[in-house]
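Chemist: A predicted structure for the sequence below; I have some questions about it.
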Amino acid sequence: MDNSQGYPPIPPNMAEGSKSESSQAASPFGTNMKCRYAYKDCQNVRSSKQNGELHTLCEFHRSKANKIQKLYARKKRHQRRTLRAAGLTPPPPRPRAKRIDPIPYHNDSDSTGDDGNSNNGSLTEDDVAILRELM
């Protein structure tokens, strides 16, 4: 494997194609040890947390993501300090979208109304007359 990008080496028993049934059973984390980096296929082993569970990414991609996140946080802090020093207040955070309840489903097979009478959706002559008066 090409290690020119600074990836840590993959242990020989975890390299693709060398897994056997016995090595899969011996692995405490199961068979899915491969880094889940989204933009490129990464063959590195996922790093483990202090509690023994697996992180989503390998150590290389975790440190890369953490570095980007720290730069973004530093940039936001700097913008807030600049606004505060200029006597301006930062824009208020955007309100989150409220959850909208779905429109109740009307089952056409249930053609009886609340009063127990048949309601097949067609208008009677009385209904039409009332609507004409309202318009």
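Modeler: Thanks, I have the structure now. Numbering: from 1, shown residues only.
Chemist: just for this protein, where's the confidence low?
Modeler: In the predicted model, the chain carries pLDDT under 70 at residues 1-31, 90-91, 105-121.
Chemist: For the biggest helix by length in it, list every residue counted as buried.
Modeler: Assignment by DSSP state H gives helix 59-85 as the longest helix of the chain. For helix 59-85, burial by neighbour count (16 or more other C-beta atoms under 10 Å) applies to 59-62. C-beta coordinates here come from the backbone N, C-alpha and C atoms, glycine included.
Chemist: what's the answer for stretch 83-99, then?
Modeler: Neighbour counts over stretch 83-99 (16+ other C-beta under 10 Å) mark no residue as buried.
Chemist: Endpoint to endpoint, that stretch covers what distance?
Modeler: By C-alpha to C-alpha, to the nearest Å, the extent of stretch 83-99 from end to end equals 33 Å.
Chemist: again, but for stretch 33-42
Modeler: This stretch, stretch 33-42, spans 11 Å end to end (C-alpha to C-alpha).
Chemist: what do you get for stretch 84-97?
Modeler: Stretch 84-97 end-to-end distance (C-alpha to C-alpha) = 28 Å.
Chemist: contacts for that stretch?
Modeler: Applying C-beta atoms under 8 Å, 6 or more residues apart in numbering, the external contacts of stretch 84-97 come out as 79-80, 83.
Chemist: Now render these as JSON lines, adding distance to residue 126.
Modeler: Shown next, in JSON lines, are the contacts of stretch 84-97 (distance: C-beta to C-beta, whole Å):
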{"residue": "79", "distance to residue 126": "66"}
{"residue": "80", "distance to residue 126": "66"}
{"residue": "83", "distance to residue 126": "65"}
